[in-house]
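K.L.:
Here you go, sequence then predicted model.
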Amino acid sequence: MPYYLMDEWEHSGRDDSDWYAVVYCSEEDTLQRYEIGSTRYANALPCNPPRIHRQIDGEWTEFVLEKPSEEILVKARACLVRDYLIGMIQKSEQDKIFRLKPERVGAGKKVVFTEDHKNQVKTCQTKPCEKCQGGYWINPRNSEDKRPCFTCKGAGVIKFDFQKAKVNDKVVWKKIALGTKAEIVSLRSYGKFYKSGYNQPNEHNTTALVRLEDGSEAFVPLSKLRLAEEMPTEEKIKKKAEAIASQGGAFYIPFATASMRF
Ligand SMILES: [Zn+2]
C-alpha cells in the first residue's frame, strides 16, 4: 500500500519538537496526518525520506513515504478540496456572516436582525454638533477631503437628555421584527478587556447602535445581527478551494491546527 508525502512541518514546544506529515493514501483516497519524529523519545528524529507506522492486522508495519507523481498530486489535491477545504471555507464564510466580531464590523456595515427584538423608546434633545458643519469635517487645505465627523458620527447633531418615553406612565417599546435591515452606527463592548486576556469583545458582550431604514435608531446585541450578505454559491466555494489546493503549503492548512493543541 503506497503512502505519499504531501507536506511536513515541525512543531516546537517548550521543551520538545515534534514533526508531522500529511500523507496521501491512494488506495483509500484519504489524507492522513502522522507524527514522523519527535525529540521526546530516543532515536525518534525524522528519517529521510520520512516513514510512518501503521497497525495492519495487529502488526505494526513501517512504510517509507514516497514522492507523489503528477498524477497522484492531482488525486491528492482533489481529496483535499472535497474532504477539507470546501468545509473549511463554508464554515469561515458562515462565521463571517452570522457571527459578527466587533473588530470586523464597524460604522456603516449593513446588517439584518436574525431575531425579533424590542427596544425601549427614548426621547432626547438635540443640538448642532460644535466640531463640524452638518456632520462633515472638511480639510482646510483640500476641500475635496470631506470625512464624517468623529464626534457626532456624521449626524451633524448631538443628542442629550435621554428619557424613557412613556404613555400613561408606561414605558413604550418599539418592536423590531426578524429580517429588518439596519446599518451599524457604533459599537460598545461591556466588560474588562486586557490585551492578552481571555475575555475579549465578542458578539455576546457587545451592543450595537443601529439605524433602521425609517431613520430611527435602536440598541441591539451584536449576536442578534448578521451581515446583509448572501453565502457564496457552492460553485464559488469550490473554485476558491481549488485555488488554495494548488498553492504550496495547502496540505498543511487543515492538519496543522490539530497538532497545535499539544
Ligand atoms: Zn460633528
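P.N.:
Alright, I've got the coordinates. Being a predicted model, the structure only gives us computed values, none of them experimental.
K.L.:
near the ion, which residues of this protein?
P.N.:
Selection of the chain residues close to the ion by Cβ under 5 Å from the ion yields Cys129, Lys131, Cys132, Cys149, Thr151, Cys152. Glycine gets a C-beta too; all of them are placed from N, C-alpha and C.
K.L.:
tell me the pLDDT at the closest residue to the fourth one other than its chain neighbours?
P.N.:
Pointing back at Cys149 there. In space, and not counting its chain neighbours, Cys149 is closest to Cys132: 3.7 Å by Cβ to Cβ, 6 or more residues apart in numbering. In this model, Cys132 is scored at 85, pLDDT.
K.L.:
What residues does Cys132 make contact with?
P.N.:
Counting by Cβ atoms under 8 Å, 6 or more residues apart in numbering, Cys132 touches Cys149, Thr151, Cys152, Gly156.
K.L.:
Buried ones among these?
P.N.:
Neighbour-count burial (16 or more other Cβ atoms under 10 Å) applied to the contacts of Cys132 gives Cys149, Cys152, Gly156.
K.L.:
Please convert the residues of the chain next to the ion to JSON lines, extending it with secondary structure.
P.N.:
As requested, these are arranged in JSON lines below (DSSP: H, G, I helix; E, B strand; the rest coil):
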{"residue": "Cys129", "secondary structure": "coil"}
{"residue": "Lys131", "secondary structure": "coil"}
{"residue": "Cys132", "secondary structure": "coil"}
{"residue": "Cys149", "secondary structure": "coil"}
{"residue": "Thr151", "secondary structure": "coil"}
{"residue": "Cys152", "secondary structure": "coil"}
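K.L.:
Give me the below-cutoff pLDDT ranges for this structure.
P.N.:
Along the chain, the parts satisfying pLDDT under 70 run over 257-262.
K.L.:
Tell me how it divides into domains.
P.N.:
The chain breaks down into these domains under automatic domain parsing: 3-97+233-259, 122-164.
K.L.:
now do the same end-to-end measure for the shortest one.
P.N.:
Length of domain 122-164, first residue to last, Cα to Cα, to the nearest Å: 4 Å.
K.L.:
Equivalent analysis for stretch 60-70, please.
P.N.:
Start-to-end, stretch 60-70 (Cα to Cα) is 30 Å.
K.L.:
again with stretch 33-49
P.N.:
One end of stretch 33-49 sits 16 Å from the other (Cα to Cα).
K.L.:
Outside of it itself, list whatever touches it.
P.N.:
Contacts for stretch 33-49 (Cβ under 8 Å, 6+ apart): 5, 8, 16-23, 50-52, 64-67, 255, 258-259.
K.L.:
Strands of the stretch 1-150 of the chain, residue ranges please.
P.N.:
With strands called from DSSP state E, counting those that start in this stretch, the stretch 1-150 of the chain shows them at 3-12, 17-25, 30-38, 51-56, 59-64, 110-113, 117-120, 122-128, 136-138, 146-148.
K.L.:
How far off centre is the first one?
P.N.:
Once both centres are worked out by Cα atoms, centre = their mean, to the nearest Å, strand 3-12 turns out to sit 26 Å from its chain's centre.
K.L.:
what comes into contact with that strand?
P.N.:
With Cβ under 8 Å, 6+ apart, strand 3-12 has contacts from 17-26, 31, 36, 46, 49-50, 52, 63, 65-68, 72, 76, 249-252, 255-256, 259-260, 262.
K.L.:
Name the residues of it that are buried.
P.N.:
Within strand 3-12, the residues scored as buried using 16+ other Cβ under 10 Å are Tyr3, Tyr4, Leu5, Met6, Asp7, Glu8, Trp9.
K.L.:
Return that strand as CSV; C-alpha atoms alone will do.
P.N.:
Extracted C-alpha coordinates of strand 3-12, given in CSV (Å, rounded to 0.1, in the frame of the first residue of the first chain):
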residue,chain,number,x,y,z
TYR,A,3,1.8,6.3,1.1
TYR,A,4,2.8,9.7,-0.4
LEU,A,5,4.3,12.6,1.4
MET,A,6,2.3,15.7,0.7
ASP,A,7,3.6,18.1,3.3
GLU,A,8,5.6,18.1,6.6
TRP,A,9,6.3,20.5,9.4
GLU,A,10,7.9,20.9,12.7
HIS,A,11,6.0,21.9,15.8
SER,A,12,8.3,23.3,18.6
